[in-house]
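>>> Quick one: sequence plus predicted model below, questions after.
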Amino acid sequence: MTKSIAIFLLAASAACAADAIYVNGVVITVDQSKPYAEAFAVTNGRFSAVGSNAEIRRLAGPGVQVVDLHGMTVTPGFNDVHLHPVGVYEEGSPYYTPWLGPDKVHNMSELVAALKAKADKTPAGELVGGSRYDDVKLGRHPNRHDLDQASTTHPIVISHASGHIIVVNSYVLKASGITSETKDPPGGSFDRDPDGTPNGVIREAGRRLLARFTSRVGEPRVPFDQEVQGYLRCFRGYSERGITSVGIAGGNPGSFRLYQAVRDAGGPVRMGFMFSEGNFPQLKAMGLRSGFGDDLLRITSMKVFHGNSFSGRTCWLSEPYSDRPGYYGIPPARSQEDLDKAFQEMHDAGFQIATHSNGDREIDMVLTAIERAQARNPRPDARHRIEHASVMTPALLERAKKDGVILVFHSYMWEHGDKLESYGPERLRLVHAYRTALDMGIHVAGHSDSTVSAADPLLRIQDMVTRKSQNGKVYGGNQKVTVEEAIKVWTLDGAYATFEEKTKGSISPGKLADFVVLRKDPRKIDPDTIKDIVVDATYMGGNRVWHAGPNTVARDMRLPDTFYGDGDELENLIHDNE
């Protein structure tokens, strides 16, 4: 008896049982014991059998639903292990934040016009926000002089595409007490006019000086029931692109309650929740740790912020930026000693630590803190993570492997490749180093960091396979991976990153029946068109949560958000202790 038949008979004997069977598919299982199949069965929300059409059809019987896949491709549900969900509201809503990305805003005049239109509908004194302007596409960063053209009677705060740089108008600078006498804080900086006055462009930790002001003024408070509906719309958008699990990268007890409400309202996505570091004392006092929760919402890790932005070109490097001699980025505000102390406490309390870090000098400090925590209190399978881990070196990769650290790499050349030329071709050979890490046996996982890049796994997989930007230029082509490797990164490897590889991430008997039906096989088309594949259907726990119409085409999944972003540091500073 072959192994596959034995697995089939074991599953079939458990239940005459199937609630539904799916046949005539091209099933990429991401299960090494049976990598490919034609059909599978689902019972009580879990895969109960996987095999050939003939094998699975034997489970058909009275009351069993038979779904013909008509030759379409099936993969496990995609897992975006690090993103920032946002409430989605229509453009006329008072809760809508103007989207300033290059798909909508092409020059400075259009940016000012979009903000002015929002200000005209907003009571004086209330915040006007804007999201994701792109300085490379605009030709420069906007500044307070530009934003003052939109309004001088409203505070205006807009975010850069990286989420690590914001721009404010003169109203905000004055109300925050920021003048030519204000010094750059540790870990941050102010761009300045020739006379030394901050020009409104505020980088990294410089945003902390605005935290009290922006939290007090704020945007209009969204009623809780409408906020839940806004997040449900966001999650339905994720389902449309095949996402069945997400990692919510930073939050507090208030936002955790929001996601509980989203779950209870039938949210179509499983949620892993990272509490922001400022909440650690409270969680420790309550005796909580990684793993608390259920299959729909659980605590996964403590989210730590140590380092700056890769696409914003502020992360801390050991060699200067290629286009700015003498500029190494902005050093983190926290010392090695302080980082070691924080890591030791979280490690000892049993938490997985997921640390935002991009530059090689930042990553060196994070690995050092992990190594010292493990030396004092060995935890053989701690699975600490480095989020983004953008600029690696051979030595850092060797240490990550030795330390058992999971590297949660970006794959956003499509949106941000042109910004990365600041790092030079040699450094780019080890940027988002999927190929090297996989060859070394390092555990990796995929993420969008939405809305820094689109929450669209097929686009992210295309990015990993081609390494191409929108203009067709290849960045770090030596790090390309195969389509099947990329699918595994976005499914089973994502589950491993949250200690859930035994319950989801592959189409295997006993695992949660989260899967995606694709109208084309991504292995058999031009790699440059993977992003255009239509997700025909998305299933979570055997229930269909998305189904495309016959004329559906793939759509851009970028979503407007607040002015917080990559790492959500500013949001954490404002809300951690609420």
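Alright, I've got the coordinates. Residues are numbered from 1 along each chain as shown.
>>> who's in contact with the closest residue to Arg519 other than its chain neighbours?
Distances taken as Cβ to Cβ, 6 or more residues apart in numbering place Val534 nearest to Arg519, at 4.5 Å, with adjacent residues excluded. To be clear about C-beta, it is placed using only N, CA and C from the backbone, and glycine gets the same treatment. Residues near Val534 by Cβ atoms under 8 Å, 6 or more residues apart in numbering: 518-520, 548, 552-554.
>>> Please convert the residues you listed to JSON lines, extending it with neighbour count, secondary structure and pLDDT.
Output for those, formatted as JSON lines (neighbours: other Cβ atoms under 10 Å; DSSP: H, G, I helix; E, B strand; the rest coil; pLDDT from 0 to 100):
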{"residue": "Leu518", "neighbour count": "21", "secondary structure": "strand", "pLDDT": "98"}
{"residue": "Arg519", "neighbour count": "17", "secondary structure": "coil", "pLDDT": "98"}
{"residue": "Lys520", "neighbour count": "16", "secondary structure": "coil", "pLDDT": "98"}
{"residue": "Ala548", "neighbour count": "16", "secondary structure": "coil", "pLDDT": "96"}
{"residue": "Thr552", "neighbour count": "13", "secondary structure": "coil", "pLDDT": "88"}
{"residue": "Val553", "neighbour count": "8", "secondary structure": "coil", "pLDDT": "86"}
{"residue": "Ala554", "neighbour count": "19", "secondary structure": "coil", "pLDDT": "79"}
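>>> just to revisit the earlier point, mind checking how far the residue nearest to Arg519 is from Ala261?
31 Å (Cβ to Cβ, to the nearest Å).
>>> What segments of the stretch 301-450 of the chain are strands?
Applying DSSP state E, counting those that start in this stretch to the stretch 301-450 of the chain gives strands spanning 353-357, 385-388, 406-409, 444-446.
>>> Could you export these as TSV, including distance to Gly267, mean pLDDT and mean neighbour count?
Converted to TSV, the strands of the stretch 301-450 of the chain look like this (distance: least, Cβ to Cβ, whole Å; pLDDT from 0 to 100; neighbours: other Cβ atoms under 10 Å):
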stretch	distance to Gly267	mean pLDDT	mean neighbour count
strand 353-357	22	97	28
strand 385-388	23	98	30
strand 406-409	23	98	26
strand 444-446	21	98	25
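>>> these two touch, right, Asp536 and His547?
Yes. Taking contacts as Cβ atoms under 8 Å, Asp536 lies within contact range of His547: 7.2 Å.
>>> quick one: which of those two has more around it?
Asp536 (22 against 14; other Cβ atoms under 10 Å).
>>> who touches the more buried one in this structure?
Counting by Cβ under 8 Å, 6+ apart, Asp536 has contacts 72, 517-519, 547-548.
>>> 10 Å - rerun?
69-70, 72-74, 242, 516-520, 546-550, 552 (Cβ atoms under 10 Å, 6 or more residues apart in numbering).
>>> ditto for Asn44
Asn44 is in contact with 15, 17-19, 513, 541-542, counting by Cβ under 10 Å, 6+ apart.
>>> swap in Thr529?
So Thr529 contacts 458, 462, 520, 522, 554 (Cβ under 10 Å, 6+ apart).
>>> Provide the secondary structure category for the first one.
This points to Leu458. helix (DSSP: H, G, I helix; E, B strand; the rest coil).
>>> Next one: it, what pLDDT does it get?
For Leu458, the pLDDT comes out at 98.
>>> again, but for Gly567
Per-residue pLDDT puts Gly567 at 39.
>>> before we move on, back to that, closest to Asp103 out of the contacts of Thr529?
Ala554 (14.8 Å; Cβ to Cβ).
>>> What about the spatially closest residue to Val535 that is not a sequence neighbour, how many residues nearby?
Distances taken as Cβ to Cβ, 6+ apart place Gly242 nearest to Val535, at 4.6 Å, with adjacent residues excluded. For Gly242, the count of nearby residues is 28 (other Cβ under 10 Å).
>>> Give the full set of residues in contact with Gly242.
75-78, 80, 456-458, 490-491, 514-518, 533, 535-539, 546.
>>> for Glu485, same thing?
So Glu485 contacts 434-435, 438, 444, 461, 464-465, 493 (Cβ under 10 Å, 6+ apart).
>>> Span of stretch 314-325 from start to end?
End-to-end distance of stretch 314-325 (Cα to Cα, to the nearest Å): 14 Å.
>>> and that stretch, how far from the chain's centre?
Counting by Cα atoms, centre = their mean, to the nearest Å, stretch 314-325 is centred 25 Å from the centre of its parent chain.
>>> residues of that stretch that come out buried?
Neighbour counts over stretch 314-325 (16 or more other Cβ atoms under 10 Å) mark 314-317, 321-322 as buried.
>>> and stretch 249-263, average pLDDT?
95.
>>> returning to that earlier point: quick one: which of the contacts of Val534 is nearest Leu138?
Ala554 (26.9 Å).
>>> Does that closest one touch Ala548 like I think?
Yes. Look at Ala554 against Ala548 with Cβ atoms under 10 Å: they come within range, at 9.3 Å.
>>> between those two, what contacts are shared?
240, 519, 534-535.
>>> Can I get those in CSV including secondary structure and distance to Arg221?
Formatted as CSV, the shared contacts of Ala554 and Ala548 follow (DSSP: H, G, I helix; E, B strand; the rest coil; distance: Cβ to Cβ, whole Å):
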residue, secondary structure, distance to Arg221
Glu240, helix, 29
Arg519, coil, 42
Val534, coil, 38
Val535, strand, 34
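>>> Mind picking the two most distant members of the residues you listed?
Glu240 and Arg519 (13.2 Å).
>>> which residues do these two both contact?
With Cβ under 10 Å, 6+ apart, Glu240 and Arg519 have common neighbours 534-535, 548, 552, 554.
>>> and which of those is nearest Ala119?
Looking across the shared contacts of Glu240 and Arg519 and measuring by Cβ to Cβ, the closest to Ala119 is Ala554, at 34.3 Å.
>>> follow-up on the earlier one: for Tyr95, state which of the contacts of Asn44 is nearest.
Nearest member of the contacts of Asn44 to Tyr95, counting by Cβ to Cβ, is Gly541, at 30.6 Å.
>>> Relative to Phe40, how far out is the closest one?
14 Å.
>>> Mind checking which of these two has more residues around it?
Phe40 (29 against 19).
>>> That one and Ile56 touch, don't they?
Yes. Proximity of Phe40 to Ile56 meets the contact threshold set by Cβ under 10 Å, at 6.3 Å.
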